[in-house]
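Colleague: fold the following for me, if possible:
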Amino acid sequence: MSVGAFFAALTNLLLIAAIDPWHAIAARFLTGCALAFVYPPDCISVLALVDASTGVVVLQNSHVQVHQYWTNQAQRASELFDGFQQRGPPIHS
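Modeller: Purely as a prediction, here's the structure:
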């Protein structure tokens, strides 16, 4: 997915070098081809959240997972900072 996004960005930069409308159309076509590698995986990840019986997107626990992720990141940063305070700053001579 990231490779498709990278090539989409590169082909989008071709618009800067477009000297006539046909080059711009070709650049846009190549950008669309590259984005074809980005959208299907994203659609699959969204479909994983859809309840098949009702067709409703279920986002009940997604905010809990996001909260847990950021809580873990804050704990890790706090541990690193506490260790730095106990040892003191590095001394360069």
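
Colleague: ok, Ala24 - how many residues close by?
Modeller: Ala24 sits with 14 neighbouring residues when counted by other Cβ atoms under 10 Å. (Glycine included, C-beta is placed from N, CA and C.)

Colleague: to clarify, my last question referred to Pro21.
Modeller: Pro21 has 8 nearby residues by other Cβ under 10 Å.

Colleague: one more: Phe7?
Modeller: Per other Cβ under 10 Å, the neighbour tally for Phe7 reads 17.

Colleague: now the one 5 residues further on
Modeller: Applying other Cβ under 10 Å, we find 15 other residues in the vicinity of Asn12.

Colleague: hey, where'd the helices end up in the protein?
Modeller: 2-17, 21-35, 39-47, 62-87 (DSSP state H).

Colleague: using PDB, list the CA coordinates for the first one.
Modeller: Right, helix 2-17. What follows is helix 2-17, C-alpha atoms only, in PDB (Å, rounded to 0.1, in the frame of the first residue of the first chain):
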ATOM      1  CA  SER A   2       2.800   2.400   0.800                       C
ATOM      2  CA  VAL A   3       4.600   1.600  -2.400                       C
ATOM      3  CA  GLY A   4       1.400   2.600  -4.300                       C
ATOM      4  CA  ALA A   5       1.200   5.900  -2.400                       C
ATOM      5  CA  PHE A   6       4.900   6.600  -3.000                       C
ATOM      6  CA  PHE A   7       4.500   6.100  -6.800                       C
ATOM      7  CA  ALA A   8       1.300   8.200  -6.700                       C
ATOM      8  CA  ALA A   9       3.200  11.000  -5.200                       C
ATOM      9  CA  LEU A  10       6.000  10.700  -7.700                       C
ATOM     10  CA  THR A  11       3.700  10.600 -10.700                       C
ATOM     11  CA  ASN A  12       1.800  13.600  -9.200                       C
ATOM     12  CA  LEU A  13       5.100  15.500  -9.300                       C
ATOM     13  CA  LEU A  14       5.200  14.900 -13.000                       C
ATOM     14  CA  LEU A  15       2.500  17.500 -13.300                       C
ATOM     15  CA  ILE A  16       5.200  20.100 -12.500                       C
ATOM     16  CA  ALA A  17       7.200  19.000 -15.600                       C
END
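
Colleague: alright, that wraps it up for me.
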